[in-house]
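In: fold the following and give me the result.
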Amino acid sequence: MTRNLAFGTRLILAYSAIVAVAVVLVGTIAFATVHFALDTAFKTRLDTTVKAIRSIIDVRHGRLEDLHGEDLIQFHALLGQGLNAAVLRHDGSLMSTNLSSPPLAALAMAADAAAPSGSIRRIESGSTVYGTLAIAERGVRYGTIVAWESRSVYDNVERLTLFALGIAGFVAIVAAAGVGAILTRRMLRPVTEMSALMSDIEATSLGERLEWAGPDDELGRLCTTFDRLLDRLEAAFERERRFIADASHELRTPLSVMRAEVELAMMHERTPEAYRSALERLQRETQRLETLAQSLILTTRDDSQPLPAEPVAASDIAVRAADRMQPLATARNIVLRSQVVTDATITGNADMLERAVVALVDNALRFARRTVTVTVERIGTRVRIAVADDGPGFSEDALRDATSRFWRDDPARSGSGTGLGLAIARSIVERHDGTIALRNSAEGPGAVVELTL
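Out: Residues are numbered from 1 along each chain as shown. As a prediction, this is how the structure comes out:
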């Protein structure tokens with residue numbers, strides 16, 4: 001049931017329940033203390049009175065002496081305010097009392113007193129408590145003192161105390177619930193404001209931030225974390241918008257060419273050679289679309305899917321990649337060399353890593369003048385695969401953005417690629433928890449791309 005309530009309501013109920021338990025516990029302890037104090041005071045008063053009466057009674061010549069003079073005055077002074085007493089001789093006759101006619105129950109209590117022992121015997125009968133003490137010397141009983149008092153006054157005090165504690169506890173619980181509601185609203189106000197702001201933030205307004213200005217507490221850290229999340233979301237949305245725009249631009253050109261070729265072919269009859277030429281152009285554009293689609297798939301593959309990984313030799317990956325690109329290098333009159341070490345082993349997916357190196361070699365062959373070198377070296381616990389060319393090198397913009405999808409430098413530098421080669425390599429390396437770095441050669445003109453795994 002409580003799960004269906006609002007969080008603030010549950011917080012108020014929890015706070016009120018804790019206060020209620022505390023109030024009940026404190027009230028129980030307070031009532032038990034009052035009850036114990038009243039009961040102790042009542043019994044002490046009864047016992048003290050009985051002992052005080054015994055102290056003024058004398059036994060002479062084997063009998064109790066009647067109270068008179070100062071002793072009688074003191075006897076009456078000890079009683080009153082609901083406390084009564086009577087002194088009976090051993091034969092049951094009444095010697096002294098503060099009442100004109102003591103109740104028969106009190107006389108019966110005195111007659112039924114236990115054997116002389118010098119201790120007070122308390123007997124409860126209804127709301128009245130009787131205290132009896134045998135008057136005895138040397139084992140001989142001469143009489144009995146009986147004092148009694150009604151507990152009604154003490155019981156009324158206990159009832160009033162219980163009632164007062166109940167009222168006070170109820171007021172305390174209600175007040176605690178009210179204060180808890182106010183405190184809860186004040187404590188949850190930042191959360192409410194955050195929720196309102198979060199609900200207003202859409203994909204088109206990710207630039208808004210909570211900008212917490214309060215203390216560095218749990219709410220402050222939550223706001224900071226949410227702002228960082230918005231930063232990442234904004235960057236991700238921006239990358240996706242840029243990707244969609246770039247992909248649309250890249251796809252539009254071959255599709256437009258293909259449509260134009262088809263429309264021209266359908267406008268009037270052509271010779272077989274003209275049709276064949278049109279089909280060849282369509283084939284080239286189709287291949288371009290296929291290459292572009294495969295590249296897009298590589299750069300947008302779901303990173304949450306686990307990669308099949310196993311120990312592989314980085315040298316084997318580099319050599320296979322170079323062998324695959326050798327025909328292209330030969331066609332362009334470029335020398336493709338490999339410089340590898342044999343003890344460089346990494347854990348990863350061999351096919352994907354080879355694809356990353358192929359993408360780097362392909363990119364290098366587009367800009368190289370005479371040579372492209374693939375190097376594998378071991379540095380501590382890491383392995384570095386570098387692809388270097390002797391081309392014009394990277395521009396400042398390229399060093400910063402060349403691994404982004406569809407990024408291209410100015411036409412004099414960018415060549416005719418799709419702008420996805422380095423992006424593919426970056427995606428694959430990051431899925432292997434590695435890094436990619438771009439730099440210009442320090443030994444002369446040329447560019448170097450390094451994969452560290």
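In: can we go C-alpha only for contacts and neighbour counts from here?
Out: Noted.
In: residues touching Arg355, list them.
Out: For Arg355, the contacting residues are Ala321, Ala425, by CA atoms under 8 Å, 6 or more residues apart in numbering.
In: quick check: it is in a helix.
Out: Yes: counting by DSSP: H, G, I helix; E, B strand; the rest coil, Arg355 is located in a helix.
In: pLDDT score for it?
Out: pLDDT for Arg355: 81.
In: quick one: it and Arg366, what's the gap?
Out: 17 Å (CA to CA, to the nearest Å).
In: next one: Met109
Out: 123 Å.
In: Gly421 too?
Out: Gly421 is 11 Å from Arg366, by CA to CA.
In: likewise Val374?
Out: Relative to Arg366, and taking CA to CA, Val374 is found at 15 Å.
In: what residue ranges in the stretch 301-450 of the chain score low on pLDDT?
Out: 301-308, 401, 405-420 (pLDDT under 70).
In: what are the ranges of the strands in it?
Out: Assigned by DSSP state E, counting those that start in this stretch, the strands in the stretch 301-450 of the chain fall at 310-313, 335-339, 345-348, 371-379, 382-389, 435-440, 447-452.
In: and of these, who's closest to Gly220?
Out: strand 435-440 (33.1 Å; CA to CA).
In: give me the residues contacting that closest one.
Out: 393-394, 399, 425-426, 429, 446-453.
In: mind running it again at 6 Å?
Out: Gly393, Leu399, Gly446, Ala447, Val448, Val449, Glu450, Leu451, Thr452 (CA atoms under 6 Å, 6 or more residues apart in numbering).
In: could you export that strand as CSV, CA atoms only?
Out: Coordinates of each C-alpha in strand 435-440 appear next as CSV, following Å, rounded to 0.1, in the frame of the first residue of the first chain:
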residue,chain,number,x,y,z
THR,A,435,43.6,4.8,-27.7
ILE,A,436,44.4,6.3,-31.1
ALA,A,437,46.7,9.2,-31.6
LEU,A,438,47.5,11.4,-34.6
ARG,A,439,50.7,13.3,-35.1
ASN,A,440,53.0,14.6,-37.8
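In: so that strand versus strand 447-452, what angle?
Out: 160 degrees (axes from the mean of the first three to the mean of the last three CA atoms, to 10 degrees).
In: how far off centre is strand 435-440?
Out: 40 Å (CA atoms, centre = their mean, to the nearest Å).
In: buried residues, it. List them.
Out: Thr435, Ile436, Leu438, Arg439, Asn440 (16 or more other CA atoms under 10 Å).
In: re earlier: okay, Gly421 and Arg366: which has more neighbours?
Out: Neighbour comparison, Gly421 and Arg366: the larger count goes to Gly421, with 26 against 17 (by other CA atoms under 10 Å).
In: spit out the contact partners of Val312.
Out: Here Val312 is in contact with Thr345, Ile346 (CA under 6 Å, 6+ apart).
In: out of the strands of the stretch 301-450 of the chain, which gets nearest to Val174?
Out: Across the strands of the stretch 301-450 of the chain, closest to Val174 is strand 435-440 (CA to CA), at 62.1 Å.
In: strands paired with that closest one, and their directions?
Out: Sheet pairing of strand 435-440 (DSSP bridges) gives strand 447-452 (antiparallel).
In: quick one, domains of the protein?
Out: Per the record, the chain has its domains at 2-156, 218-300, 310-452, by automatic domain parsing.
In: output the ones you listed as CSV; include the columns distance to Ser199.
Out: CSV is the format used below for the domains of the chain (distance: least, CA to CA, whole Å):
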stretch, distance to Ser199
domain 2-156, 18
domain 218-300, 13
domain 310-452, 32
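In: looking at those, which is buried most?
Out: Comparing those by mean neighbour count (mean count of other CA atoms under 10 Å), domain 310-452 ranks first with a mean of 19.
In: could you work out the end-to-end span of that one for me?
Out: 17 Å.
In: repeat for stretch 68-88
Out: 15 Å.
In: what's the offset of it from the middle of its chain?
Out: 73 Å.
In: and what of stretch 157-168?
Out: That offset, for stretch 157-168, works out to 43 Å (CA atoms, centre = their mean).
In: mind listing what's buried in that stretch?
Out: Result for stretch 157-168 [16+ other CA under 10 Å]: buried residues Glu158, Thr161, Leu162, Leu165, Gly166.
In: next one: the residue of the chain most remote from its centre from Val361, what distance?
Out: Within the chain, His61 marks the point farthest from the mean C-alpha position, 89.1 Å out by CA atoms, centre = their mean. Counting by CA to CA, the separation of His61 from Val361 is 135 Å.
In: if we can go back for a sec, distance to Arg189 and pLDDT for the buried residues of stretch 157-168 - can I get that in TSV?
Out: Formatted as TSV, these follow (distance: CA to CA, whole Å; pLDDT from 0 to 100):
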residue	distance to Arg189	pLDDT
Glu158	45	89
Thr161	41	91
Leu162	40	91
Leu165	35	90
Gly166	34	91
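In: now do the contacts for Arg209.
Out: Each residue near Arg209 by CA under 6 Å, 6+ apart is listed here: Asp227.
In: does it belong to a helix, a strand or coil?
Out: For Arg209, the assignment made with three-state DSSP gives coil.
In: tell me how far it lies from Met198.
Out: 9 Å.
In: same deal with Glu158?
Out: The gap separating Glu158 from Met198 is 57 Å, by CA to CA.
In: quick one on the thing from earlier: just put the strands of the stretch 301-450 of the chain in TSV and tack on distance to Arg151.
Out: Formatted as TSV, the strands of the stretch 301-450 of the chain follow (distance: least, CA to CA, whole Å):
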stretch	distance to Arg151
strand 310-313	90
strand 335-339	108
strand 345-348	89
strand 371-379	95
strand 382-389	91
strand 435-440	89
strand 447-452	92
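In: Ala6: which of those is closest?
Out: Among the strands of the stretch 301-450 of the chain, the nearest to Ala6 by CA to CA is strand 435-440 (46.9 Å).
In: that closest one vs strand 382-389, what angle?
Out: Using the same axes, to 10 degrees: strand 435-440 against strand 382-389 is 30 degrees.
In: separation between the closest residue to Glu354 other than its chain neighbours and Thr132?
Out: In this structure, Glu354 finds its nearest non-sequential neighbour in Ile317, 5.3 Å apart by CA to CA, 6 or more residues apart in numbering. Ile317 sits at a distance of 109 Å from Thr132 (criterion: CA to CA).
In: and what of Val174?
Out: Counting by CA to CA - Val174 and Thr132 are separated by 49 Å.
In: repeat that for Ser395.
Out: Distance from Ser395 to Thr132, by CA to CA: 114 Å.
In: which stretches of the stretch 251-400 of the chain form helices?
Out: 272-300, 314-331, 350-367, 396-401 (DSSP state H, counting those that start in this stretch).
In: between those helices, which gets nearest to Arg384?
Out: helix 314-331 (8.7 Å).
In: check which helices and strands that closest one sits against.
Out: The contact analysis (3 or more CA pairs under 6 Å, 6 or more residues apart in numbering; DSSP states H and E) places helix 314-331 against helix 350-367.
In: try 8 Å
Out: strand 335-339, helix 350-367, strand 371-379, strand 382-389 (3 or more CA pairs under 8 Å, 6 or more residues apart in numbering; DSSP states H and E).
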